[in-house]
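In: just the structure for this:
(2 chains, ligands or ions: 2)
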Amino acid sequence: MNQQANLITTGKVWSIPGGIHPAENKSQSNATPIETLPVPSELWLPLTMHIGAEALPIVKVGDTVCKGELIAQAQTGISASVHAPTSGRITAIKPHPFAHESGLDAMAICIESDGLDAWRKQTPWKDWQQHSAEEILERIHNGGITGLGGAGFPTDIKYRNKHAAVHTLLVNAAECEPYITADDVLIRYYAKEILMGAQISQMLCSAETIIIGIEDNKPEAAQAFREAAKELNLPVTLTVVPTKYPSGGEKQLIQLTTGLEVPAKRLPSDVGVLCQNVGTLRQIYRTVVHDEPLISRITTVTGKAVNKPGNYEVLIGTSIETLLNQAEAHLKKAERVIMGGPMMGFAIPDIAAPIVKATNCILAPTKKELPVPMFDNPCIRCGMCEQVCPVNLLPQQMLWASRNRQLDNAALHSLPDCIECGACSFVCPSNIPLVQYFRYAKGEIRQEEQDNRKAEQARIRFENRQARQEREKIEKEERRKARAEAAAKALAAKKEAQPEGAAPATDAEDPIKAALARAAAKKQEKQASAASKSIDELKADVEKAKTKQAKALERLAEAEKEGSEMVNALRKAAGKLEEKTKSAELALQQAQEQSN
Amino acid sequence: MLSKTSPHITGSNSVGKVMVTLLLTMIPGFACLVYFFSWGYLVNLILASATALAVEAAILKTRKRPVLFFLKDSSALVTAALLACALPPLAPWWLTVTGAAIAVIFGKQLFGGLGQNPFNPAMVAYALLLVSLPVFMTTRWANVDQPSSLLESLQIIFNLSASGIDGITGATPLDSYKQNIARLTSADLLVAPLFNGQWPIGWAQVNIAFLIGGLVMLWRRIITWHIPVSLLATLAVMALLFSHDADAKVPVLIHLLSGSTMLAAFFIATDPVSAATSNKGKLYYGAGIGLLIYLIRTWGNYPDATAFAVLLMNFAAPLIDHYTRPRVYGHTNAVKGYKSDD
Ligand code: SF4
Ligand code: SF4
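Out: Ligands and ions are numbered 1, 2, ... in the order given. Below is the predicted model:
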């Protein structure tokens, strides 16, 4: 009894700044059990369902595959494999609509189902404890597991990329986005499998404690965890955090449950925490123990345009349309279909796109339910955005700086720390799409950094070449000197051999000549060094001018493409830059000629 | 153009709603002003509102901005209401009209309209009027023991009164205390009808009513506590430190409960456009105003100092903003000043 009471401890809840309380809208979809979608006739499996390099197909059109068979292999580095979600025939490997804001197609493998749903040979590891961590990680890697919470980061990398000793495994069960209930329902039905996944995970990262972070609006799920932990005799800390968006953000949940802050630009493991979403943990269990790769997931389908909202177990690769039809969605009523939640999800350009590994929710709201704001007022500096930012940024000042493209403004200094949660946009009384500006500015900053890095690399290359040339010059000089010395010695030897009488004349002549020669040599040396220095500078100038000109031309081309009114101004600027480049080159040439 | 990116839900907040709530929370204080002093306040409010709306519409039109869209946000009404509360109730009509026009034109639209003005528009107008027309701005206050009727107020405001205005106008308690404390004792002063033994009757109620309105705004999360609290606390501390001798200087209670103290603390200083932004910055900003109010009231030439104190701190707000950025998650220090490098 006593032991059982100690098994589940209640964790301390720390506070995080900001946060908002949007209408939860979860009850529509979490009341019914998980429904399994029938195997569709056709599945499209994109090769880029994860963060990192795309998987490389290992099948050809016409091949037959079994359920669970590898069809595209992960590349080395950050990448994840893709498996056949059902048995059938490969009918195409070509670009297919893909759920991404850009609306661009992505390379995908199409499987025509044979209706048998026949598994490949499986080798379950009931006694997974008998296997080494390396073996288990390999199995996770081969199972194509990526984070199921939304980001889609390859899971095995998370265990391999540790920088410090992990003391805490944090189970992310917060699910703070409105509407989404996939994790909530998953926990209610599969709490035990999740905790078994957590056990495996704990062994892999050798964490001392397991903390489960869950919002207080999911009492059933919390209870399910308690019971499962008892059954497994697994000591866990259950931390029930107040419902507040975005408490489920990885960094926010770490702060809420441990009080630790992940330093900027670092990983959670730097503070000894490894965070896993519940869905991912269950998949780890399924893959390691039952040898089932990641081929299906639980996805919430909800919104007022959906008649049968709920959670569906879907094969990866099923088209969003098929899923919406199964949930009896009225697509005419839905003004747009959103993948993910209303706070961080994005409108899908084409519903022929397939469900991917990270699709936790398909939201089909009516126009009235989630109206698209039409106008944005000017910022009234009310500061409400600042009050809700979970990372203590000053959205209003960042807005100002990013609108004016002041990328080096101090307010934008911390822009990379913005988690794009959208809380600021949510509260803004002027309806300003702040996050949109921030995403744009982030892109610009990244671009600038890349450019800088390129320039830096060019500079280093240039300097290396300079150094090499310098070295060669010195060597040449030394060789010349050695030769001259040898010649002088030979001369001296000859002189010695000459008759005495001639000597005084040469003697009288020689010192002056030698002195003159010395002075001349010195002068030349000086000149050469001055010239070479300025040549260096000139070369750098030319380089700079050239990059500037190239950039200007790029921008000009862009402007021309868009038909912007800036074209004329840009053209003028480009012309000027060309002149500058030419004059820099000329100066360089002259300098070079002089020094030669 | 807005694309359909996240977030797809927004709160029910809108600029219009914020402004309307602000106007509603001003009602108790305003009602007290009318009840205890003069109908002139109401007349001023109507004059100021009509002028502000008309001028705003005209300028929006010449600037080719959507007129109705911007008028709907009611920010011009807020400016007008603040001005109406601040001006003497029995000021001639043209003073109020000029004030409202100045507020909208020079205080707001010349800077680019809502959200662009570095200074509080109502205070810009008030200060300009005070400097250029000091007589009208200091003598046209209503007497608390003889509240003027609507008719009387109208007569005075529109200059139709046959009799003089001396009978029903008077000084404010702050002014009167300051003027007379040199020759009288505090006890002598306080028995006057203006103070009724303890505190400035009428003004005290008005201030308490504005305080209540301010608390409602806090509760509705339209403002945060930082500015009012730091402002009032600084004013009180200054008064306790330097005015402990009630026979020499205006005591703390009269500082807090008379003049435009509460109006300033909750409604004027909290105007977000011209205030500091971060929470820490707001504390400094509010404290600065409180300090200046005390200094100007005590050693300056103007009896009530809100307008100048607020305007001076408006100047300082951008600087305060640059030095009070909060520490961002995952960083050890906050970024300070104008430097952009680490
Ligand atoms: S919430 Fe909107 S209006 Fe208010 S300060 Fe932030 S950006 Fe400006
Ligand atoms: S989107 Fe960025 S700036 Fe806005 S509240 Fe979230 S973290 Fe803060």
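In: list the contacts for A:Ile284?
Out: A:140, A:145, A:155, A:197, A:200-201, A:276 (Cβ atoms under 8 Å, 6 or more residues apart in numbering or on different chains). In this view, the C-beta of every residue, glycine as well, is placed from N, C-alpha and C.
In: in chain A, where is pLDDT below threshold?
Out: Applying pLDDT under 70 to chain A picks out residues A:1-5, A:162-163, A:373-375, A:410-413, A:497-516, A:518-534, A:559, A:561-567, A:569, A:594-596.
In: how about the residues of it by ligand 2?
Out: A:388-391, A:393, A:395, A:418-424, A:434-435, A:438 (Cβ under 6 Å from any ligand atom).
In: in strands only, show me the residues you listed.
Out: Using DSSP state E, no member of the residues of chain A next to ligand 2 sits in strands.
In: keep only these that also lie close to ligand 1.
Out: Answer for the residues of chain A next to ligand 2 near ligand 1 (Cβ under 6 Å from any ligand atom): A:395, A:434.
In: whichever of the residues of chain A next to ligand 2 end up buried, select them in ChimeraX.
Out: Burial among these is assessed by 16 or more other Cβ atoms under 10 Å in any protein chain shown; the matching ChimeraX selection reads:
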select /A:388,389,390,391,393,395,418,419,420,421,422,423,424,434,435,438
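In: which parts of the stretch 251-400 of chain A are helices?
Out: Remark: helices assigned in the stretch 251-400 of chain A by DSSP state H, counting those that start in this stretch are A:278-290, A:320-326, A:384-388, A:395-403.
In: between the ones you listed, which one is closest to A:Ala84.
Out: Closest of those to A:Ala84 is helix A:278-290, at 15.0 Å (criterion: Cβ to Cβ).
In: may I see the buried residues of the closest one?
Out: Along helix A:278-290, these residues count as buried under the neighbour rule (16+ other Cβ under 10 Å): A:278-289.
In: and the longest helix along chain A, what does it pack onto?
Out: As assigned by DSSP state H, the longest helix anywhere in chain A is helix A:434-497. Counting contacts by 3 or more Cβ pairs under 8 Å, 6 or more residues apart in numbering or on different chains; DSSP states H and E, helix A:434-497 packs against helix A:395-403, helix A:423-427, helix A:503-562.
In: ok, 6 Å please
Out: If you count contacts as 3 or more Cβ pairs under 6 Å, 6 or more residues apart in numbering or on different chains; DSSP states H and E, helix A:434-497 packs onto helix A:395-403, helix A:423-427.
In: switch the ones you listed over to CSV; also include distance to A:Val61.
Out: Below are those laid out as CSV (distance: least, Cβ to Cβ, whole Å):
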stretch, distance to A:Val61
helix A:395-403, 46
helix A:423-427, 45
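In: for these, which one sits closest to B:Val55?
Out: Nearest of the helices and strands packed on helix A:434-497 (Cβ to Cβ): helix A:395-403, 27.1 Å.
In: and the angle for that closest one with helix A:434-497?
Out: 60 degrees (axes from the mean of the first three to the mean of the last three Cα atoms, to 10 degrees).
In: contacts for helix A:395-403 next, please.
Out: Residues outside helix A:395-403 that contact it (Cβ atoms under 6 Å, 6 or more residues apart in numbering or on different chains): A:385, A:389, A:409, A:411-412, A:415, A:424, A:434, A:437, A:441.
In: re the thing from before, most neighbours, which of the contacts of A:Ile284?
Out: For the contacts of A:Ile284, the largest neighbour count, defined by other Cβ atoms under 10 Å in any protein chain shown, is 29 neighbours, found at A:Thr155.
In: now whatever residue of the stretch 201-342 of chain B ends up closest to ligand 2, nearest residue through space, not along the chain?
Out: Nearest residue of the stretch 201-342 of chain B to ligand 2: B:Tyr329, at 8.6 Å (Cβ to the nearest ligand atom). Among residues not flanking B:Tyr329 along the chain, A:Val391 sits closest, at 3.8 Å (Cβ to Cβ, 6 or more residues apart in numbering or on different chains).
In: separation between that neighbour and B:Gly40?
Out: Relative to B:Gly40, A:Val391 is positioned 50 Å away (Cβ to Cβ, to the nearest Å).
In: what's the answer for A:Glu478, then?
Out: A:Glu478 sits 99 Å away from B:Gly40, taking Cβ to Cβ as the criterion.
In: where does whichever residue of the stretch 51-200 of chain A sits closest to ligand 1 land in three-state SS?
Out: For the stretch 51-200 of chain A and ligand 1, the shortest gap (Cβ to the nearest ligand atom) falls at A:Pro178, measuring 19.7 Å. Under DSSP: H, G, I helix; E, B strand; the rest coil, A:Pro178 falls in the coil class.
In: how many neighbours does it have?
Out: 21.
In: residues touching it, list them.
Out: A:22, A:24-25, A:342.
In: can you count the residues close to residue 230?
Out: Using chain A here. Counted with other Cβ under 10 Å, the neighbours of A:Lys230 add up to 13.
In: wrong one, chain B
Out: 22.
In: who's in contact with it?
Out: By Cβ under 6 Å, 6+ apart, the neighbours of B:Ser230 are B:283, B:286-287.
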